[in-house]
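Chemist: dropping a prediction and its sequence here:
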Amino acid sequence: MAAQNNMTKVIHAMFDDDHRLLDAAGDLVAKGVKIRDVYSPFPIHGLDPVIGVKRTRIAIVSFMFGLTGLSLALLGMWYFMIGDWPMNIGGKPSFSLLENLPSFIPVSFEFTVLCAAHGMAITYMIRNKTLPGMPAVNPDPRTTDDKFVMEIADVENPGMSTAEIGEMLKSAGAIEINEKQLA
Amino acid sequence: MHKEAAIREPLILGDKSYHDITVDVVGPIENKAPKAWYLLITISSIIAVWGLGCVVYLISTGIGTWGLNKTVGWAWDITNFVWWVGIGHAGTLISAVLLLFRQKWRMAINRSAEAMTIFAVMMAALFPGIHMGRIWLAYWVLPLPNQFGSLWVNFNSPLLWDVFAISTYFSVSLVFWYIGLIPDFATIRDRMTNPTAKKIYGILSFGWSGKAKNWTRFEEVSLVLAGLATPLVFSVHSIVSMDFATSVIPGWHTTIFPPYFVSGAVFSGFAMVLTLLLIMRKVMKLENYITIKHVEYMNIVIIVTGSIVGVAYLTELFISWYSGVEYESYAFINRFSGPYAWSYWCMMTCNVISPQLFWFKKIRTNLTATFILSIVVNIGMWFERFVIIVTSLHRDYVPSSWSMFYPTWVDIGVFVGTIGIFFTLFLLFARFFPVLALNELKTILKSSGEKYKNEDH
């Protein structure tokens, strides 16, 4: 067994159509095969629940960054305009945050959006491991063009041999199957 | 899968496969640039260098080199600022608002429209910067601790709101654009054979590999960013309009300004998108992706926003009379019959009458007519800002202060220069960046591609 040698074998099965891959993934999962990942040039809708990718929580991250931005903006404006040095500008009330709030709304909004958008974008980059200088890990250069690759690791499928899985993939319509040893 | 009604016209013409889309978009980057590109970039960069020279002269000499006087203290600078910011709005509208409304036709145009947004906002930001006179003190607009004691910026001022609005708008648009670009840079990286180019696109692509989870996050991030950018784009031009509306100058002090400015911005932005894309689709042979239908959709947006702008002009006139405020009435009578009446009627013709021609299907599906009208609209929208700003200022409360504004060569030079810089940046974008969101386009190929549509029915 590969796992005993402390070696992981992965199978890369290439498809030339997104729907064929989606059907194949459904078939394989029904037969008990665990699919590790799929590399595709564009999002394949409906694939995530089949291969067990959970819904991302990145929108919640954005909301929390937005709340942080809003609080910081209000705190800052309270300090600059009310706490530290209240100024009489055109007779506008400057004695409390609430009185002066109408003219603080635009900056509060902008700063909320600024923090929500950038906080989310940075989280997205880090979670995806896509940062300047990161190496690409797609198994074949054609997966960013018009081919779709399914990755299956044999350690995750202990009951089956790679040959068996290969057969299944072939009958499901894979056009190329490559095995790769990972150290 | 996304199903689309059979009666909808296809968005991708011809017998295209996924690979064809890649080749059609990446091909122009791999191949030598056409002669026309070299010619255009030479012209635009000469103009850009001239513009930068004018900026250097302006900063080293002072803003006295502009034609401003003590009555007309704001003229071409702020006109150009508002005009450029307005042009930028179409990019965000296309990429964000149309994404929320699930308009698939945005995919062929969003990338270049967003690029246009970013370059236009850069041009816009130049003007308040150089109008400061002492641009090296530009950081004074930020609430930074300083040696003057408790001296903070004024958060009650729309000018400060503008600082926050424009910088948020610029940086969020940039992030939105770049997140969309990452997978497309990965496609270019994997196709390039030249090692230097491969390396550069490899760095630009941030190591994108297209895993299932990455794509899930990608779609969620795009949706949330669209949700954030939509109110943002409305807030930005509303705040720009408040620079005027919160003052007490007759002609500026009107509550109609925010919606009126936002629709005017979308109007001029779509016109600029059309100007750029009609040339780009021809030169880069993208007729199968940016189809007549796309042009027609954009022209429909121009009719709608142009009509809103027209209604706003008439409402302003009516309210100035109905308000019974004599200064307000005078400001508007002076607009259409005073010394600047020519610019008012130029604005009216270009912005209210000319877009109405798009009611005719023959005209809105005719590329030459669209191209000419798109330029007419851009001229009209520049005059709109000029009319609002200069005609409201040049008649002061005291008749002895009445004056006229005459631009100097520096005024003209800086403005023409920004057009040169803008086109230089856009040409560089068209040469080295994927001009269509090619991987997103692949997702609609089977639902909106001509070949697939015909097969189904």
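Modeler: On my side now, so go ahead.
Chemist: low-confidence regions, chain A specifically.
Modeler: A:1-7, A:183 (pLDDT under 70).
Chemist: which helix is the longest one in it?
Modeler: helix A:97-128 (DSSP state H).
Chemist: what about A:Leu109, how many residues nearby?
Modeler: You called it Leu, but residue A:109 is Phe. 21 (other C-beta atoms under 10 Å in any protein chain shown). Where C-beta positions appear, they are placed from N, C-alpha and C, glycine not excepted.
Chemist: what residues are up against it?
Modeler: B:Pro231, B:Ser235 (C-beta atoms under 8 Å, 6 or more residues apart in numbering or on different chains).
Chemist: repeat for B:Leu160
Modeler: So, once contact is read as C-beta under 8 Å, 6+ apart, B:Leu160 ends up touching A:Val107, B:Val141, B:Val153, B:Asn154.
Chemist: can you tell me the SS state at it?
Modeler: Of the three states, B:Leu160 takes helix under DSSP: H, G, I helix; E, B strand; the rest coil.
Chemist: likewise for B:Asn288?
Modeler: coil.
Chemist: wait, doesn't it sit right on B:Pro10?
Modeler: No - here B:Asn288 does not reach B:Pro10: they are 9.7 Å apart, not a contact under C-beta atoms under 8 Å.
Chemist: phi, psi of the nearest residue in space to B:Trp76 that is not next to it in sequence?
Modeler: Excluding the flanking residues, the one nearest B:Trp76 by C-beta to C-beta, 6 or more residues apart in numbering or on different chains is B:Asp411, at 4.6 Å. Per-residue torsions, B:Asp411: phi -50, psi -50 (degrees, to the nearest 10).
Chemist: ok, the one 10 residues further on next?
Modeler: Torsion angles at B:Ile421 (phi, psi; degrees, to the nearest 10) stand at phi -60, psi -40.
Chemist: quick one: neighbours of the residue nearest to it when sequence neighbours are not counted, just the number.
Modeler: Using C-beta to C-beta, 6+ apart and skipping residues adjacent in sequence, the residue nearest B:Ile421 is B:Ala48, 4.3 Å away. Neighbour count for B:Ala48, taken as other C-beta under 10 Å: 21.
Chemist: just B:Ser209 next, same as before
Modeler: B:Ser209 has 22 neighbouring residues, counting by other C-beta under 10 Å.
Chemist: quick one: contacts for the nearest residue to A:Leu67 once chain neighbours are set aside?
Modeler: Excluding the flanking residues, the one nearest A:Leu67 by C-beta to C-beta, 6+ apart is A:Thr112, at 7.9 Å. Listed by C-beta under 8 Å, 6+ apart, the contact partners of A:Thr112 are A:Gly66, A:Leu67, A:Gly69, A:Leu70, A:Ala73.
Chemist: the closest residue to chain A within chain B sits in which helix or strand?
Modeler: Closest to chain A within chain B is B:Gly207: 3.1 Å, counting by C-beta to the nearest C-beta. B:Gly207 is part of no helix or strand when elements are defined by DSSP states H and E.
Chemist: my guess is it contacts A:Asn138, does it?
Modeler: No - look at B:Gly207 against A:Asn138 with C-beta under 8 Å: they stay out of range, at 9.5 Å.
Chemist: the two - which one has more neighbours?
Modeler: It is A:Asn138, of B:Gly207 and A:Asn138, that has more neighbours when counted by other C-beta under 10 Å, with 24 against 20.
Chemist: nearest spatial neighbour of that one, skipping sequence neighbours?
Modeler: Using C-beta to C-beta, 6+ apart and skipping the chain neighbours, the partner closest in space to A:Asn138 is B:Ser209 (4.1 Å).
Chemist: what is the burial count for the residue nearest to B:Trp76?
Modeler: Residues lying near B:Asp411 (other C-beta under 10 Å) number 22.
Chemist: what's the answer for the one 3 residues further on, then?
Modeler: Using other C-beta under 10 Å, B:Val414 has 27 neighbouring residues.
Chemist: how about the one 4 residues further on?
Modeler: B:Thr418 is surrounded by 27 other residues when neighbours are defined as other C-beta under 10 Å.
Chemist: that older thread, now the buried members of the contacts of B:Leu160.
Modeler: The neighbour count (16 or more other C-beta atoms under 10 Å in any protein chain shown) marks A:Val107, B:Val141, B:Val153 as buried among those.
Chemist: B:Trp105 and B:Glu296 touch, don't they?
Modeler: No - in this structure, B:Trp105 is not within contact of B:Glu296 by C-beta under 8 Å, at 9.8 Å.
Chemist: which one of these two has more residues nearby?
Modeler: Using other C-beta under 10 Å, the more surrounded residue of B:Trp105 and B:Glu296 is B:Trp105, with 21 against 17.
Chemist: which residues sit in contact with the more buried one?
Modeler: B:Trp105 makes contacts with B:Leu11, B:Leu98, B:Lys293, B:His294, B:Tyr297, as judged by C-beta under 8 Å, 6+ apart.
Chemist: swap in B:Leu428?
Modeler: With the criterion set at C-beta under 8 Å, 6+ apart, B:Leu428 makes contact with B:Ile41.
Chemist: mind telling me what element A:His12 is part of?
Modeler: Counting by DSSP H and E, A:His12 is part of strand A:8-15.
Chemist: should've said B:Leu126
Modeler: With DSSP H and E as the criterion, B:Leu126 is inside helix B:110-131.
Chemist: flag every buried residue along that helix.
Modeler: So, applying 16+ other C-beta under 10 Å, buried residues of helix B:110-131: B:110-128, B:130-131.
Chemist: and that helix, what does it pack against?
Modeler: The contact analysis (3 or more C-beta pairs under 8 Å, 6 or more residues apart in numbering or on different chains; DSSP states H and E) places helix B:110-131 against helix B:35-61, helix B:76-92, helix B:158-191, helix B:257-283, helix B:409-432.
Chemist: just checking, A:Val155 touches A:Thr8?
Modeler: Yes - counting by C-beta under 8 Å, A:Val155 does reach A:Thr8; the two are 5.2 Å apart.
Chemist: A strand includes B:Pro339, no?
Modeler: No - read with three-state DSSP, B:Pro339 is coil and lies in no strand.
Chemist: for it, what are its contacts?
Modeler: By C-beta under 8 Å, 6+ apart, the residues touching B:Pro339 are B:His394, B:Met404.
Chemist: ok, 7 Å please
Modeler: By C-beta atoms under 7 Å, 6 or more residues apart in numbering or on different chains, B:Pro339 lies in contact with B:Met404.
Chemist: ok, now the one 10 residues further on?
Modeler: Shown in contact with B:Thr349 (C-beta under 7 Å, 6+ apart): no residues.
Chemist: just say helix, strand or coil for it.
Modeler: Per three-state DSSP, B:Thr349 ends up helix.
Chemist: not counting sequence-adjacent ones, nearest residue to the one residue sitting closest to the centre of chain A?
Modeler: Nearest to the geometric centre of chain A sits A:Asn128, at 5.4 Å (C-alpha atoms, centre = their mean). Closest residue to A:Asn128 apart from its sequence neighbours, by C-beta to C-beta, 6+ apart: B:Asn214 at 4.9 Å.
Chemist: point out the residues in the stretch 201-350 of chain B that sit beside chain A.
Modeler: B:202-203, B:205-221, B:224-225, B:228, B:232, B:235, B:239 (C-beta under 7 Å from any C-beta of the partner chain).
Chemist: strands along chain A, start to end?
Modeler: Ranges of strands in chain A, per DSSP state E, are A:8-15, A:37-39, A:148-153, A:176-182.
Chemist: now the angle from the last one to strand A:8-15?
Modeler: Spelled out, it's strand A:176-182. Angle of strand A:176-182 versus strand A:8-15, following axes from the mean of the first three to the mean of the last three C-alpha atoms, to 10 degrees, is 160 degrees.
Chemist: what pairs with strand A:176-182, parallel or antiparallel?
Modeler: Strand pairing for strand A:176-182, using DSSP bridges, gives strand A:8-15 (antiparallel).
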